[in-house]
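Asks: Fold the following, please.
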Amino acid sequence: MTAFSTTRRVRHTAQDMFDLVADVEAYPKFVPLCRGLRVIRRFETEDGKQVLVAEMEVGYKAIREFFTSRVTLDRANLEILVEYVDGPFKRMENRWSFVPADADADACTVEFAIAYEFKNRAFAVLVGGIFDAAFRKFAEAFETRANVVYGAA
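Replies: Sure thing, here's the model as predicted:
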């Protein structure tokens, strides 16, 4: 299983960063390898969390794959959990946490972690390095997008 995590301090509020990551339909504009995304279903849980089931198309050159994820938006705790539902992975889960900075109301710490494993070993050999590089750039891509949406820090 491949895993990666990063923590970054950014010059945007935790709420702004949460909203940016929660806006999954905007991902094709800036997320590495994301070629398309559609929300299949939305609902709210009894404890007030919003849940999205979304299908993402990822691609690099001639390689195209689709996978479905369940995205749980926990606004109260500023956390987002993405759980794999269907596609080329055997397992995939990622988690975002947004921690307000103590001394600076206009800054926060963004924590991103992902773990994944492909179903097919041959496919993993073919595209594993591409996915690994893209996942390592996710947090940076969101920080860059925040600077576009909210203004450079």
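
Asks: Can you name the residues that contact residue 8?
Replies: Contact analysis of residue 8 by CB atoms under 8 Å, 6 or more residues apart in numbering lists 109, 110, 112, 139, 140, 143. In short, each C-beta sits where N, CA and C put it, glycine included.

Asks: again, 7 Å this time
Replies: By CB atoms under 7 Å, 6 or more residues apart in numbering, residue 8 lies in contact with 110, 139, 143.

Asks: swap in residue 20?
Replies: For residue 20, the contact set (CB under 7 Å, 6+ apart) comprises 142, 145, 146, 149.

Asks: Ends of stretch 8-15, what's the gap?
Replies: Counting by CA to CA, to the nearest Å, the length from the leading to the trailing residue of stretch 8-15 is 15 Å.

Asks: Tell me the buried residues in it?
Replies: 10, 11, 12, 13, 14 (16 or more other CB atoms under 10 Å).

Asks: Mind checking the pLDDT average for stretch 62-76?
Replies: Average pLDDT, stretch 62-76: 93.

Asks: what does the helix or strand containing residue 109 contact?
Replies: Counting by DSSP states H and E, the element that carries residue 109 is strand 108-118. The contact list for strand 108-118 (CB under 7 Å, 6+ apart) reads 1-10, 12-14, 17, 88-101, 124, 128, 135, 138-139.

Asks: all helices for the protein, in order.
Replies: Under the criterion DSSP state H, the chain carries helices at the ranges 14-22, 121-136, 138-150.

Asks: one step back: for PyMOL, what selects the buried ones among the contacts of residue 20?
Replies: Only the buried entries of the contacts of residue 20 go into this PyMOL selection, using 16+ other CB under 10 Å:
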select buried, resi 142+145+146
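
Asks: what's residue 40 in contact with, if anything?
Replies: Contacts of residue 40 by CB under 7 Å, 6+ apart are 53, 54, 55.

Asks: That should have said residue 7, apologies.
Replies: Residues in contact with residue 7, defined by CB under 7 Å, 6+ apart, are 109, 111.

Asks: Quick check, pLDDT for it.
Replies: Turning to residue 7, the model gives it a pLDDT of 92.

Asks: Distance of the nearest residue to residue 91 once chain neighbours are set aside relative to residue 61?
Replies: Of all residues not flanking residue 91 in the chain, residue 117 sits nearest, at 4.9 Å (CB to CB, 6 or more residues apart in numbering). Using CB to CB, to the nearest Å, residue 117 is found at 23 Å from residue 61.
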